[in-house]
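Colleague: please work out how this folds:
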Amino acid sequence: MKKVKPGLFKLVLRIVKLAIIFFFGFSIFWVILYRFVNPPITWLMISRGFERKADGKDWKIEKKWVDFDSIADPMKRAAVAAEDQKFLDHFGFDFKAMEKAVDKNAHSHKLIGGSTISQQTAKNVFLWPGRSYIRKGFEAYFTLLEEIFWSKKRIMEVYLNEIEMGDGIYGVEAASQEYFGKSAKDLTPHEAAAIASIFPDPLKWSPTDPSDYVRHRQYIIRKNMRRLG
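Modeller: Residues are numbered from 1 along each chain as shown. You can find the predicted model right below:
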């Protein structure tokens, strides 16, 4: 069995070190950049576009960025009430929610997520769609970078502008126009809760034609909105 030459081993080690340095340097720069620059597009939008083309549909990405202050306060409260009620208190992770999700998934065939708004933002903006331990690891890493370099206000602003809200519909402004024919700044508490109710499965559920389950979600979200204040 041939021994690896010391020179070759050192070269490989140097390449690995440079790759690691490049990854950390680039990822930190990327996150800091998006603190000031609005993300133009995501991997999810691109993959959904190709899925539509494969189904014989037109390419569709309906998305219009709106600033944090141009989003109705009820929409922000609805997002927190629906997805992450400890958003303002945690540093990117809600470990109790994650434990509950793991416990429920162990006794159910339907997977239940325990991701915070910060984690979902990291997944939507920086990563590819899918479920794997590798992607989860990257998600945790980018979540920490977000919490370090962004404010909670910026995280919520990016989240509400990038999240998938229907077939080819991304962000709260496009959703508001599509479902209620108005700007995101004019959403009522009822309309905001309706939009937030479909976050887990926006391709299947509708805020304007809800199933009994989605209608119940809307009721729970409105209740939590009043409780959160």
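
Colleague: how close does E62 sit to A175?
Modeller: 9 Å (Cβ to Cβ, to the nearest Å). Yep, even glycine has a C-beta here, placed from its N, CA and C like the rest.

Colleague: tell me which of those two has more neighbours.
Modeller: Neighbours were counted for E62 and for A175 using other Cβ atoms under 10 Å; A175 has more, 28 against 16.

Colleague: excluding its backbone neighbours, what's nearest the more buried one?
Modeller: M165 (3.9 Å; Cβ to Cβ, 6 or more residues apart in numbering).

Colleague: please name the residues that touch the one you found.
Modeller: G171, V172, A174, A175, E178, I195, I198, F199, P202 (Cβ atoms under 8 Å, 6 or more residues apart in numbering).

Colleague: what do you get if the cut-off is 7 Å, keeping everything else the same?
Modeller: Neighbouring residues of M165 by Cβ atoms under 7 Å, 6 or more residues apart in numbering: G171, A174, A175, I195, I198, P202.

Colleague: can you tell me the helix or strand for the third one?
Modeller: What it means is A175. helix 172-180 (DSSP states H and E).

Colleague: ditto for the fourth one
Modeller: With the criterion set as DSSP H and E, the secondary-structure element containing I195 is helix 189-196.

Colleague: which residues are in contact with that helix?
Modeller: With contacts defined as Cβ under 7 Å, 6+ apart, helix 189-196 is touched by 72, 74-75, 78-79, 82, 165, 172, 175, 179-180, 207-208, 218, 221-222, 225.

Colleague: can you flag the buried ones in those?
Modeller: Among the contacts of helix 189-196, those classed as buried by neighbour count (16 or more other Cβ atoms under 10 Å) are 72, 74-75, 78-79, 82, 165, 172, 175, 179-180, 207, 218, 221-222, 225.

Colleague: strands - which of the residues you listed land there?
Modeller: When DSSP state E defines the strands, the subset of these inside them is M165.

Colleague: just the closest of the buried ones among the contacts of helix 189-196 to G92, please.
Modeller: A79 (15.9 Å; Cβ to Cβ).
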